[in-house]
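Student: sequence unavailable; structure follows:
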């Protein structure tokens, strides 16, 4: 059929329009760089010392996530090479090893830390070398560095909902006990403001050195005050002695329950269950969350690391943190930490504990909150959950930023430029 | 897919419909299809009248409905922003902890609604985080100490009213982001439109140029009408999308306080 000139013109115009539309919708795939070698990342946790019981499973969770990503092709065409380093439960060694990782090994990110003392020491390293630390623990807040991604809960996400529940369901008199370093001291200071605001009362406040097994003076004070609730921020294996002494002194949960903020499933497993069942813990994740995603994750973790280990909040956060980093790297198109850190805010991941988001303003994770009771089988039974995600507010509203900064710096100087109270012999 | 690309794509679809109609007329006349299908022109005119009237009524009805829904969606968004602004303003009558919490929550809510939720509404989605802040606002006010509540009872009660308004308007805004014209209606509209254009193509008009003009104008009017209905039916996307300006205004007027 002869096509006249007009029709030819119409057909050509149509093809050009369609072609332009197709071309404008094309998004080039980010170039893969197969020649740059593996991506080095640091995994820095206490594998020895008083914190090893808590931290080794967290390091394992990080390695599990890295292995999964490598098995699915890595990132940007490269595999991830984890460098596992022991922080030896010492905040100064954490800082030293962190510097070694970012300066000598030139890693693109570090996943690690547990105690706030170790994080505060490492903060200076990561800010100085403009690298990224993915920190998986709940902590005291009062920080918002762009070089740290805070994957754990802040007090308003973990402590406040639990305190409120106890005020509504158990009583208004609280006894605060913790290890003597920055996290417990600061959280308790925050809780004193919050409890007072809600009309409650703090009837006692005691601290023990990290790793100490001497709890007699603490138990004696609790027996004197007979609070409605004990709020426990003791970290590490001191908890084993603490709960044993509570029971030895006739303090049981049906009269005086203990609410813990640093006790996970694995620590409970390591204890005599008779000393701890009936008490409570508050986290943004529990192993007992009954979803298919969490059940699969739990099974994967125990298959790899043993049936005597349970997934917990720090474990889940460490695992999710690797994926958050991966997503940020994919968004940035590079592993360079100074670039990746600009893409971390706004990232989200559907983890075993639900979807978490990293806040664009303060680099903290939006998380759910759960309160759970410890059962005779050592598992946690969730008794309350937040109805939605809770926005992270690292600086509690009861004091100004300046007031909180002064509180922290005074404590630091009082302890001889340390984030943990020096022992008597030092 | 940004707004401009979406707009160009939709306009291109409209012109594709016009172009297709024009080509169809040309081919039908060239191939002398109408000589194979010997339809009486009187019957065809009558059928055209019925189908055309039906299409006109349906189009008018659909446009009226989506135009009304569009206006409602715009009004709801403004009311939600107003409630938010009122809550923030009224918080200035409370203690500093309350003011700090509310200001921070409102700031983050507007940020998330503008940056995260507005683009998602075109897909019928919402921001989980913005939702969480609504809960946070309720918690802030339920946690206010009794003494402060009693001392500020008028402000407190008014704030609860506005909180209810905020929550309800948010819910309605999210509902209105989804298309309301049912699929069955669209099917009827498309069938009617196809029938009208086909009938127009079958007219025995001596001049090819006039015939092409008639068909392309008919196709053009119908496809632009469809485009208008579709745009108004998804008020938070497309060429006539409702802007998030009211929320930006609230954000710009937040109190300055010491954190």
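Tutor: All right, it came through fine. Everything numeric in this text was worked out from a predicted model, so none of it was measured.
Student: quick check, pLDDT for residue 14.
Tutor: Here I'm looking at chain A. At residue A:14, the model reports a pLDDT of 63.
Student: the chain in question should be chain B.
Tutor: 81.
Student: state the distance from it to residue B:24.
Tutor: From residue B:14 across to residue B:24, the span is 16 Å (CB to CB, to the nearest Å). For glycine as for every other residue, the C-beta is placed from the backbone atoms N, C-alpha and C.
Student: residue boundaries of the helices in chain B?
Tutor: Ranges of helices within chain B are B:3-30, B:33-36, B:41-90, B:96-112, B:118-121, B:128-143, B:146-151, B:153-176, B:183-201, B:208-233, B:245-252, based on DSSP state H.
Student: which one of the ones you listed is the most hemmed in?
Tutor: Comparing the helices of chain B by mean neighbour count (mean count of other CB atoms under 10 Å in any protein chain shown), helix B:96-112 ranks first with a mean of 22.
Student: so where's chain A uncertain?
Tutor: Along chain A, segments meeting pLDDT under 70 span A:1-35, A:424-426.
Student: show me which residues of the stretch 101-250 of chain B sit near chain A.
Tutor: Within reach of chain A by CB under 8 Å from any CB of the partner chain, the stretch 101-250 of chain B has these residues: B:101, B:104-105, B:108, B:111, B:128-129, B:131-133, B:135-136, B:143, B:145-146.
Student: phi, psi of residue A:106?
Tutor: phi 50, psi 50 (degrees, to the nearest 10).
Student: residue A:384 now?
Tutor: Note on residue A:384: backbone dihedrals following degrees, to the nearest 10 are phi -160, psi 140.
Student: burial of the residue nearest to it when sequence neighbours are not counted, as a residue count?
Tutor: Nearest residue to residue A:384, sequence neighbours excluded (CB to CB, 6 or more residues apart in numbering or on different chains): residue A:371, at 4.4 Å. Counted with other CB atoms under 10 Å in any protein chain shown, the neighbours of residue A:371 add up to 24.
Student: quick check, the residue in the stretch 201-350 of chain A closest to chain B?
Tutor: residue A:346 (8.0 Å; CB to the nearest CB).
Student: phi and psi next, for the residue lying closest to that residue once chain neighbours are set aside.
Tutor: With sequence-adjacent residues excluded and distances taken as CB to CB, 6+ apart, residue A:346 is closest to residue A:360, at 5.0 Å. Residue A:360 adopts backbone torsions of phi -70, psi -30, taken as degrees, to the nearest 10.
Student: next: residue A:348.
Tutor: phi -140, psi 160.
Student: the one 3 residues further on too?
Tutor: With angles defined as degrees, to the nearest 10, residue A:351 sits at phi -90, psi -180.
Student: and the residue nearest to it when sequence neighbours are not counted, which of the three is it?
Tutor: Nearest non-adjacent residue to residue A:351, counting by CB to CB, 6+ apart: residue A:320, 4.0 Å away. The three-state label given to residue A:320 by DSSP: H, G, I helix; E, B strand; the rest coil is helix.
Student: isn't residue A:320 up against residue A:149?
Tutor: No - counting by CB atoms under 8 Å, residue A:320 stays clear of residue A:149, with 10.5 Å between them.
Student: what's near enough to touch residue B:25?
Tutor: Residues near residue B:25 by CB atoms under 8 Å, 6 or more residues apart in numbering or on different chains: B:201, B:208, B:211-212, B:215.
Student: residue contacts, residue A:190?
Tutor: Contacts for residue A:190 (CB under 8 Å, 6+ apart) come out as A:140-141, A:155, A:159, A:396, A:398.
Student: hmm, I typed the wrong one, I wanted residue B:199.
Tutor: Contacts of residue B:199 (CB under 8 Å, 6+ apart): B:44, B:47-48, B:51.
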